[in-house]
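Q: Got a sequence here, can you build the structure:
(2 chains)
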Amino acid sequence: MRPSGRTIRDELRREAAKVSVPNDMWQNISQKLGEDPDRTALRRRVTALAEQWRPAVVLAVAAGFFWFALIPSLPSMENAPGNADQSSYISPLHQADSPVPVRSQPKDDPGAPVKASSVEPPPSATAPYNPNVPQ
Amino acid sequence: MVAELEPIFGHDEEILLIERCQAGDRQAFEEIFYLYRDDVFRFSYLVVRDTSLAQDVVQEAFLKVFRSIEKFQFRSSFKSWLYRVAVNEAITILRRRKVKEDLEPMPDISHDRAAANATRDWQPEEAALESEERQLLRWAIGQLDPVHRSVVVLKYFHEFSDTEIGAIIGCPPGTVKSRLHRARELLRNTMARQMGRPDLVALSYARLSNNPV
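A: Modelled structure (predicted):
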């Protein structure tokens, strides 16, 4: 059964006739329209305040930009010419906190590294002269 | 595409009234409201199917129109502009309350049929069946999606032409025609399924697949 246009029209009209239009709609609309000037005034005040504070905001943003973007790119004070190089200085505190323990070497410690003076010279330096071997 | 809806009263009078509104004349606002109030309220009620929701739609639609009436440039008729705002408001409200709408119960046809049989002595059977079908049709219209329901109401209740409806919902008349066709097929499908007629449902689906929208 496909409803005809007339059936649909009749049914819609019957349904629309059941309701009556509320009477207080204009009062609500009028009240909300009346609130509009207040809202407009508030918006205008906020805009004026924003305009007033805009230079300060611009300055703050510019200062932030200089601080975070420009200052780190300048040469650091430590490496500037005329300053002593302090990189070789190790504080005792840092030494104490070093993960590698520093201890004094005993004299006859077999594990001790061989001193440079006790190292034998290379064989080429002590071997007798052999004319067949290129020097 | 700009179509003109016939104003309720003279075109010149409507223009004068709108110009007074644009100048901020509150009395003109009120006159326009009372001119269109009944039609817009009935349209909203038939689309949202709830009195308080329809009231919200009407109030929001008129508020939006009055707040932006300065931008109205008479390129289309005021009536079609007002209806367009009302359609958009109704669809927005219905989408917001979709869950609630989905819970609308189906009509109890068997109960109605029993009631009709009980009253057969003084009411002809045809009248009882007609009443049953009407109830089913009303429910089926409620099951349409808001866009199709708006088109159906604009066409069959307000009796706008396809061109006028196109101006309201913002599409060409051909699209309006195909939406109307689809809406009627959906109504038929819903009613047939509810009445336990799978043959009609299958026929309806076949027609819909031949006429995609």
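Q: B:Val152 contacts A:Thr7, doesn't it?
A: No - B:Val152 is beyond contact range of A:Thr7, at 11.8 Å (criterion: C-beta atoms under 8 Å). Where you see a C-beta, it was placed from the backbone N, CA and C, and this is true even at glycine.
Q: least trustworthy helix or strand in chain B by mean pLDDT?
A: Each helix and strand of chain B was given a mean pLDDT (mean pLDDT, DSSP states H and E); the minimum falls on helix B:109-118 at a mean of 50.
Q: Looking at B:Val152 and A:Thr7, which one has more neighbours?
A: B:Val152 (24 against 17; other C-beta atoms under 10 Å in any protein chain shown).
Q: Show me the shaky parts of the chain.
A: Using chain A. A:1-2, A:38, A:40, A:74-131, A:133-135 (pLDDT under 70).
Q: wrong one, I was asking about chain B
A: B:1-10, B:98-130, B:197-213.
Q: Chain A: strands as residue ranges?
A: Using DSSP state E, no strands are found in chain A.
Q: Get me the contact residues on it for chain B.
A: Residues of chain A lying close to chain B (C-beta under 8 Å from any C-beta of the partner chain) are A:1-3, A:5, A:7-16, A:19, A:21-22, A:25-26, A:28-30, A:32-33, A:36.
Q: Using ChimeraX, make a named selection holding only the buried ones among the residues you listed.
A: Remark: buried members of the residues of chain A next to chain B, expressed as a ChimeraX selection using 16 or more other C-beta atoms under 10 Å in any protein chain shown:
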select /A:3,7,8,9,11,12,15,16,21,22,25,26,28,29,32,33
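Q: From the chain's centroid, how far away is the strand or helix carrying B:His181?
A: Assigned by DSSP states H and E, B:His181 belongs to helix B:173-194. How far helix B:173-194 lies from its chain's middle: 14 Å, per C-alpha atoms, centre = their mean, to the nearest Å.
Q: and it with chain A, contact?
A: Yes - Helix B:173-194 is in contact with chain A by C-beta under 8 Å from any C-beta, via B:184-185, B:187-188, B:191-192.
Q: SS state for the closest residue to B:Phe74 other than its chain neighbours?
A: Nearest residue to B:Phe74 in three dimensions, chain neighbours excluded: B:Ile15, at 6.8 Å (C-beta to C-beta, 6 or more residues apart in numbering or on different chains). Of the three states, B:Ile15 takes helix according to DSSP: H, G, I helix; E, B strand; the rest coil.
Q: ok, how many other residues are close to B:Ile15?
A: 13.
Q: Kindly report the same for B:Asp145.
A: 13.
Q: residues contacting it?
A: For B:Asp145, the contact set (C-beta atoms under 8 Å, 6 or more residues apart in numbering or on different chains) is empty.
Q: Tell me the buried residues in the helix holding B:His181?
A: Those would be B:173, B:175-176, B:179-180, B:182-192, B:194, for helix B:173-194 by 16+ other C-beta under 10 Å.
Q: same check, this time on stretch B:69-81
A: In stretch B:69-81, counting by 16+ other C-beta under 10 Å, buried: B:69, B:72, B:76-81.
Q: Would you pull up how far it lies from the middle of the chain?
A: The answer for stretch B:69-81 is 21 Å, by C-alpha atoms, centre = their mean.
Q: Alpha carbons of it, as PDB, please.
A: Below are the C-alpha coordinates for stretch B:69-81, written out as PDB (Å, rounded to 0.1, in the frame of the first residue of the first chain):
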ATOM      1  CA  ILE B  69      18.100  40.500   9.300                       C
ATOM      2  CA  GLU B  70      20.600  43.300   8.600                       C
ATOM      3  CA  LYS B  71      22.400  40.900   6.200                       C
ATOM      4  CA  PHE B  72      19.200  40.000   4.300                       C
ATOM      5  CA  GLN B  73      19.600  41.400   0.800                       C
ATOM      6  CA  PHE B  74      16.300  40.500  -0.800                       C
ATOM      7  CA  ARG B  75      18.000  38.000  -3.200                       C
ATOM      8  CA  SER B  76      15.400  35.400  -2.200                       C
ATOM      9  CA  SER B  77      12.000  35.800  -0.600                       C
ATOM     10  CA  PHE B  78      11.900  36.400   3.100                       C
ATOM     11  CA  LYS B  79       9.500  33.500   3.600                       C
ATOM     12  CA  SER B  80      11.900  31.000   2.000                       C
ATOM     13  CA  TRP B  81      14.700  32.400   4.100                       C
END
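Q: can you pull out the helices in chain A?
A: A:5-18, A:25-65, A:92-96, A:123-126 (DSSP state H).
Q: any idea which of those helices is most buried?
A: Among the helices of chain A, helix A:5-18 has the highest mean neighbour count (mean count of other C-beta atoms under 10 Å in any protein chain shown), at a mean of 15.
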